[in-house]
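>>> Let me see the structure of the following:
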Amino acid sequence: MNKGMIADIGLRIGQEGRVRVLTLDRPQAKNAMDGAMMDVMLESLRLAGEDDNIGAVLITATGDVFCPGADIKELARIAAAGEAQLRAAADQRLALFRAVRQCPRPVVAAINGTAIGGGCGLALSCDIVLASDTAKFSYPEVRLGVVPGTIMVGLMRAAGHKAALDLVLTGRSITAAEALQYGLVSRVVPRVQLMGEAMACAQGLAGSDAAALRHTKALFHEIAELDYERALERARDVNLATRRKRSG
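Purely as a prediction, here's the structure:
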C-alpha cells in the first residue's frame, strides 16, 4: 500500500520512525468514515500488524473534528438499497473496531477535536487515547432515532453502566476533562502539544519489546472478560510462557 493520501479516500498514511500514522482527512465530510475509508483503515491495520518494522500505530485527524462517526449520507443510500447492504455496512464498522483492538501493535489515538458516535467508538477501541483539551465527546444517536449499538460495548466497559447509560440516553456532549473522569481517554493535553505528546507516546511504545507488548495487550483484553479466579490463572500461564520463551 502506498503511503500518503489514498486517492480520494480521505485517509493519509504516513510513517514516523517505527510508528505508522493514519490520519483521517475528509474535510468535506468532517472526517466521517465511509466504506472506502474503513476498507483502507482495515488493510492498513492488517499490514501494520504483519510488518516487523512497525512498532505502534497512531490514529488522528485533521481540522477541529476528529470523527463524527459513519458518513450519514452514505448510510442513507445504503439503507435505501436494502437490508443486506445495511447489515454489511454495520459489519464493516464492527470489523474496524475489532481490528483496532486486536491489532498486535499498540494503537494510540490523538483526539484533535470533536468525536461523535462512531468516532467515539473508534477512539475507545484504541489502547491509549490522548485528547486535546478542546476535544468534546458525545453519543447523540438516540436523538436521531437510532440505537447506538456496537459503540455501547466499549463505552460500557470504559465508563461503567451508569455513566454510559447517561451518555447514550441523553446524547449530551462532554468535555475532554469529563471524558478523562469517565475513563474514555487516557490523558488530556493542551491542543498545541497533542501531536507531539501522542507521537512521543507511540515512539516509546514502538521502542519496547514487540512480543511483550503483543502478549500484554492480548492478555489484558482477554482477562477483562474473565472471572477473577480464571483471570489469575490465565495471567499466570501467559507470564510463564513468555518467561520460558525468553530463557529458551
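>>> now the strands for this structure?
4-5, 11-16, 19-24, 56-61, 65-67, 107-111, 114-116, 128-132, 136-138, 174-175, 187-189 (DSSP state E).
>>> Make JSON lines from these and add mean pLDDT, distance to Arg77 and mean neighbour count to it.
(Glycine included, C-beta is placed from N, CA and C.) As requested, these are arranged in JSON lines below (pLDDT from 0 to 100; distance: least, Cβ to Cβ, whole Å; neighbours: other Cβ atoms under 10 Å):
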{"stretch": "strand 4-5", "mean pLDDT": "52", "distance to Arg77": "24", "mean neighbour count": "11"}
{"stretch": "strand 11-16", "mean pLDDT": "96", "distance to Arg77": "20", "mean neighbour count": "16"}
{"stretch": "strand 19-24", "mean pLDDT": "98", "distance to Arg77": "21", "mean neighbour count": "24"}
{"stretch": "strand 56-61", "mean pLDDT": "98", "distance to Arg77": "23", "mean neighbour count": "27"}
{"stretch": "strand 65-67", "mean pLDDT": "98", "distance to Arg77": "20", "mean neighbour count": "27"}
{"stretch": "strand 107-111", "mean pLDDT": "98", "distance to Arg77": "28", "mean neighbour count": "28"}
{"stretch": "strand 114-116", "mean pLDDT": "98", "distance to Arg77": "20", "mean neighbour count": "26"}
{"stretch": "strand 128-132", "mean pLDDT": "98", "distance to Arg77": "31", "mean neighbour count": "26"}
{"stretch": "strand 136-138", "mean pLDDT": "98", "distance to Arg77": "25", "mean neighbour count": "22"}
{"stretch": "strand 174-175", "mean pLDDT": "98", "distance to Arg77": "31", "mean neighbour count": "17"}
{"stretch": "strand 187-189", "mean pLDDT": "98", "distance to Arg77": "37", "mean neighbour count": "17"}
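>>> With Ala212 as the reference, name the closest of those.
strand 56-61 (13.3 Å; Cβ to Cβ).
>>> Restricting to C-alpha, output the closest one in CSV.
Extracted as CSV, the C-alpha positions of strand 56-61 are listed here (Å, rounded to 0.1, in the frame of the first residue of the first chain):
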residue,chain,number,x,y,z
ALA,A,56,3.0,1.1,17.0
VAL,A,57,0.1,2.8,15.2
LEU,A,58,-1.1,6.3,15.7
ILE,A,59,-4.6,7.4,14.6
THR,A,60,-5.5,11.1,14.4
ALA,A,61,-7.3,13.5,12.2
